[in-house]
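> Output the structure for:
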Amino acid sequence: MDTPVSIRSRRPAERRVTVAARAALTALLLSFNTAAGAAQVVHALFIPLADHYAALVAYEKYRGRMQHADFRLERVNGPWLVRTRFADPDVDMAFEVAPMAMDMFLEQPDFRWIGLMHRDGNALAVNDLLDQFIRLPDQRSQRRPNRRVAEGLRQARKLRGHPLEIGLPHPQATHTAVLYKFLKDHDLSMGVEYGPDKDVVTVRVSPPEAPRFIKRQGSRGVPSGFEQSLPWADVAEQMGLGRIAWYSKDVVRWPRGHVECIILAKDNAIAEKRAAVAEVVRYIHQAGIDIEAARREGGAPLDEIIAMIRRHIPEHTPRAIRESLRPDLNVINYHHLNVDKGGLRQIMDLSVEAGIIPAPVDIDAFADESFATDITDAEPASVSPARPAGSDSHE
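The predicted model follows:
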């Protein structure tokens with residue numbers, strides 16, 4: 001079993017003061033105009049995942065209110081494509097899986113980690129052939145990363161005589177660390193893209209391709225599954241291609257939810273566009289609160305959020321989005337999105353242990369906590385729509 005990672009020892013009152021001070025700094029930055037007096041382009045990369053919904057809502061709902069940032073979004077279909085595109089000079093920010101971001105920092109430390117995109121948020125889905133060995137409960141609330149699932153994987157592997165293939169977005173994705181921990185906790189072995197003697201071998205599958213991956217495997221008579229961000233597991237279940245076996249929040253436990261996708265900003269963007277970057281982060285935090293409020297209320301507010309998301313990711317069906325955002329399951333959340341060093345350390349330790357990344361990073365050097373806001377820690381009902389500091393209403 002993994003050794004629990006302790007949360008920072010700073011006393012709660014001190015933490016509140018620190019966050020408040022950082023929020024005040026952000027508000028002060030937003031009160032000044034840019035040197036040129038015009039909005040600066042902030043070009044950000046996202047992947048079509050529920051992980052990145054807050055950025056889409058911020059773009060759709062608040063882009064017109066931004067005074068310092070000309071916020072632009074670009075879609076790429078997987079973590080590796082984020083990594084390669086992020087190297088281009090026209091990109092300022094990216095939303096990336098945590099282990100890959102750490103490996104990028106080990107290679108070229110010219111950017112910082114400035115916050116989280118979400119907490120929790122991925123799931124293991126299995127095709128019908130693999131479910132014949134597991135026999136999952138009908139109710140999703142009863143599906144857990146338990147011995148029942150592990151024994152089903154073990155039996156399927158034994159019958160096949162070959163490792164089971166599980167599709168992941170990339171070997172350096174957070175999903176790999178989550179799957180590794182589940183298998184390790186149940187005395188099962190994992191090979192990352194190779195391992196003829198292992199129980200499970202990961203294969204690289206982009207998130208949008210994941211439902212088709214288990215469909216192809218099923219048509220060949222091969223028990224298989226994928227571990228991907230929401231709502232792709234919901235999409236697969238809705239299409240009748242597989243079923244969700246468990247959610248990552250029940251595998252990797254951390255106060256307020258485990259770290260997964262994080263916000264990266266290049267050092268030159270921080271130096272030259274600080275007010276614009278801070279404004280984008282603030283509105284992402286506000287959008288996260290908006291999503292949390294809408295999922296609780298349902299009805300028209302949730303319909304509005306779904307419409308915003310589908311302008312960017314039409315493959316995410318309304319039903320799949322609703323299932324991913326079900327408040328009773330709470331399998332992904334958009335609260336508490338400031339830098340969480342302890343939460344990242346948990347994922348880093350798992351990633352190093354599993355061989356996903358070659359070495360730990362200096363988290364203090366990697367993190368820039370100056371973009372923290374107080375809005376992300378507020379309850380949805382108590383937060384009104386964010387406005388840049390010092391601005392009057394200009395709806």
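> the strands in this structure, which residues?
According to DSSP state E, the chain carries its strands in the segments 40-46, 69-75, 93-97, 111-116, 119-120, 122-126, 164-168, 190-192, 200-204, 224-229, 243-247, 261-266, 332-333.
> Other residues contacting the second one?
Counting contacts by CB atoms under 8 Å, 6 or more residues apart in numbering, the residues outside strand 69-75 that touch it are 39-48, 55-56, 58-59, 63, 85, 91, 273, 276-277, 279-280, 283, 312-313. Heads up, the C-betas are built off the backbone N, CA and C, glycines and all.
> Alpha carbons only: can I get that strand in PDB?
Taking C-alpha atoms only, strand 69-75 is exported to PDB below (Å, rounded to 0.1, in the frame of the first residue of the first chain):
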ATOM      1  CA  ALA A  69      -7.400  39.000 -21.700                       C
ATOM      2  CA  ASP A  70      -8.300  38.200 -25.300                       C
ATOM      3  CA  PHE A  71      -9.000  34.600 -24.300                       C
ATOM      4  CA  ARG A  72      -8.600  32.000 -27.100                       C
ATOM      5  CA  LEU A  73      -9.100  28.300 -26.900                       C
ATOM      6  CA  GLU A  74      -7.600  25.600 -29.100                       C
ATOM      7  CA  ARG A  75      -8.800  22.000 -29.000                       C
END
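> And the contacts of strand 69-75, which of them are buried?
Buried members of the contacts of strand 69-75, scored by 16 or more other CB atoms under 10 Å, are 39-40, 42-48, 55-56, 58-59, 91, 273, 276-277, 279-280, 283, 312-313.
> Please list the members of those that lie in helices.
Among those, the members falling in helices (DSSP state H) are Ala55, Leu56, Ala58, Tyr59, Ala276, Val277, Glu279, Val280, Tyr283.
> Show the model's pLDDT score for Gln155.
In this model, Gln155 is scored at 98, pLDDT.
> Nearest spatial neighbour of Ile291, chain-adjacent residues omitted?
Nearest residue to Ile291, sequence neighbours excluded (CB to CB, 6 or more residues apart in numbering): Tyr334, at 5.1 Å.
> Leu124 and Arg143, how far apart?
Leu124 is 9 Å from Arg143, where distance means CB to CB, to the nearest Å.
> hang on, the earlier thing: so which of the strands of the chain is nearest Ile363?
Checking the strands of the chain against Ile363 by CB to CB gives strand 111-116 as the closest, at 8.3 Å.
> Go ahead and produce PDB holding the CA coordinates of the closest one.
This file holds the C-alpha atoms of strand 111-116, laid out as PDB (Å, rounded to 0.1, in the frame of the first residue of the first chain):
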ATOM      1  CA  PHE A 111       6.600  27.300 -17.400                       C
ATOM      2  CA  ARG A 112       4.800  27.100 -14.100                       C
ATOM      3  CA  TRP A 113       1.900  25.200 -12.600                       C
ATOM      4  CA  ILE A 114      -0.700  27.900 -11.600                       C
ATOM      5  CA  GLY A 115      -3.700  25.900 -10.500                       C
ATOM      6  CA  LEU A 116      -6.000  22.900 -11.000                       C
END
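> which outside residues touch it?
Residues from elsewhere that reach strand 111-116 (CB under 8 Å, 6+ apart): 86, 101, 104-105, 259-267, 270, 277, 281, 284-285, 336-340, 343-344, 366-368, 370-372.
> let's go with 6 Å and repeat that
262-267, 281, 337-339, 366-368, 371 (CB atoms under 6 Å, 6 or more residues apart in numbering).
> Stretch 96-108 now?
By CB under 6 Å, 6+ apart, the residues outside stretch 96-108 that reach it are 79, 82-83, 172-174, 259, 261-262, 264, 347, 351, 356-357, 361, 366.
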